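Chemist: What shape does this take:
(one chain, ligands or ions: 1)
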Amino acid sequence: MKNHQNSIRIFQEAKELMPGGVNSPARAFLAVGTDPVVIDHAAGPYLFDVDNNQYIDYVLSWGPMILGHCDPVVTRALHEAVNRGTSYGAPTNDENRLAQLVRTLVPSVEKIRLVNSGTEATMSAVRLARGFTGRDKIVKFVGNYHGHSDSLLVAAGSAAATFSVPDSPGVTQANAADTICAPYNDEAFMTRLFAQFGSQIAGVIVEPVAGNMGCVPGSLSFLTTLRQLTAEHNALLIFDEVMSGFRVAPGGAQQRLGIQPDLTTFGKIIGGGLPVGAYGGRLDLMNAIIPVGKVYQAGTLSGNPLATAAGIATLQQLLTAGQPFYDSLTEKVQRLTTGFQQAAQAARIPLKVQSAGGMFTPFFLNETDQEVTSWDSAARCNTQRFAAFFRILLENGIYPPCSQFECWFLSSLHSDELIEKTIDVAALAFKQIS
Ligand SMILES: *Cc1c(COP(=O)(O)O)cnc(C)c1O
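Modeler: Coordinates of the predicted model:
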């Protein structure tokens, strides 16, 4: 057994100081029946905890560290930036450079506004959609996550699926009432919804590759239908690419699909491990934002010099490396997928690994499902089995996401050797839990 003495002591203290001992709930390991390990430092594809245990990191800060931890170019850019002052609250040339990089990589983005998190990006995009169209209703999909702003923290009501309810105490009924929750990958539902409410809908926000119920790619026909319906009814299509952006292709999911949304939201990789988010899109929409237009949105630390330096250093490398970088990530994910599937089959465990580019999820299916296409099918997975799997991996030096309903992420530093090692540990785990 690994020694976790320091982790246990520090987490015990953390629980006195912060709710649940954490500053974000996904870190609390609540779904896997163990306490979190406390991290001391990271390097390349590895995490090291405070008891000096080493782990191959498949969380990568929930996506951002696509170049691995402590990438030398990013680290150098940060050192240079910090010597020039950490915040001015005034324009800088680096903001232009980051904006240019995003425009080059994601051509549907004609103008962009930098913010500090994915939550801020989606919240602002929703406000812009409402402000621009003069309509109140937003459509979101069950199992998609867009951060924790009130309008987006809603769940489908029980009876008629078009009535939403707050998904947290503190979110008002009034907030929930203006958000419609729809089933993911169900174009027939959307066609009926628009026939009934089309003139009231400001926009549809969607993860084109869903990553927050585990990896569930949106089907091309579903997303094409969303594009057509929103265009027909003068509603806006918002792709939330906070996770899929710069992760599944240089230009995100929209490049893979060949679909142009009206607005796109970014986070995670765009900040290279520092707090950055952004929303951008059509020129006429972005010009509706203050100080050109009337839709309000601001940020004291937005475009922060350290954050933009890390973002530029990351996106510049991704732009230079181009499609071959993503082909290589995808190939590694395929290798893991095949390895996991074969090992699970040998242990007679129903498993489906779903992926898109550099992200994937092994779903522990129940006996009746073949794949996961929506929250309904995700929710039927065997979470107990996942938890047992997780604990064995952690004990054997692999750090997977601590829930069945999260994506695993790969960096360019995950070598073939590390992938083989991961498959070996997974095979051992499948045997033990079968
Ligand atoms: C992570 C995530 C968010 C929220 O971003 P934060 O930076 O955590 O606020 C929003 N949308 C998607 C798709 C995400 O994956």
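
Chemist: Val139: what secondary structure?
Modeler: strand (DSSP: H, G, I helix; E, B strand; the rest coil).

Chemist: doesn't Phe189 make contact with it?
Modeler: No - assessed by Cβ atoms under 8 Å, Val139 is found out of contact with Phe189, at 10.2 Å. C-beta: built from backbone N, CA, C; applies to glycine.

Chemist: what residues are shared contacts of these two?
Modeler: Counting by Cβ atoms under 8 Å, 6 or more residues apart in numbering, the contacts common to Val139 and Phe189 are Ala182.

Chemist: residues near Ala28, how many?
Modeler: 18 (other Cβ atoms under 10 Å).

Chemist: where exactly do the strands run in the stretch 51-200 of the chain?
Modeler: Along the stretch 51-200 of the chain, counting by DSSP state E, counting those that start in this stretch, strands occupy 54-57, 111-115, 137-141, 154-156, 164-166, 179-182.

Chemist: Among those strands, which comes closest to Ser415?
Modeler: Of all the strands of the stretch 51-200 of the chain, strand 54-57 sits nearest to Ser415, with 9.8 Å by Cβ to Cβ.

Chemist: got the contact list for whichever residue of the chain sits closest to the ligand?
Modeler: Closest to the ligand within the chain is Gly118: 2.1 Å, counting by Cβ to the nearest ligand atom. When contacts are counted by Cβ under 8 Å, 6+ apart, Gly118 touches His146, Gly147, Asp240, Val242, Thr265, Phe266, Gly267, Lys268, Gly277.

Chemist: Now do the contacts for the residue nearest to Ala307 when sequence neighbours are not counted.
Modeler: In this structure, Ala307 finds its nearest non-sequential neighbour in Leu274, 4.2 Å apart by Cβ to Cβ, 6 or more residues apart in numbering. Contact analysis of Leu274 by Cβ under 8 Å, 6+ apart lists Leu78, Asn304, Leu306, Ala307, Ala310, Gly311.

Chemist: Most neighbours among those residues, please name it.
Modeler: Within the contacts of Leu274, most neighbours by other Cβ under 10 Å means Gly311, with 31 neighbours.

Chemist: Need the three-state assignment for that one.
Modeler: helix.

Chemist: I figured it hits Gly273, correct?
Modeler: No - using Cβ under 8 Å, Gly311 is not in contact with Gly273; the gap is 9.3 Å.

Chemist: so what pLDDT did the residue of the chain closest to the ligand get?
Modeler: You'll see Gly118 listed with a pLDDT of 98.

Chemist: same deal with the one 3 residues further on?
Modeler: Here, the pLDDT recorded for Ala121 equals 98.
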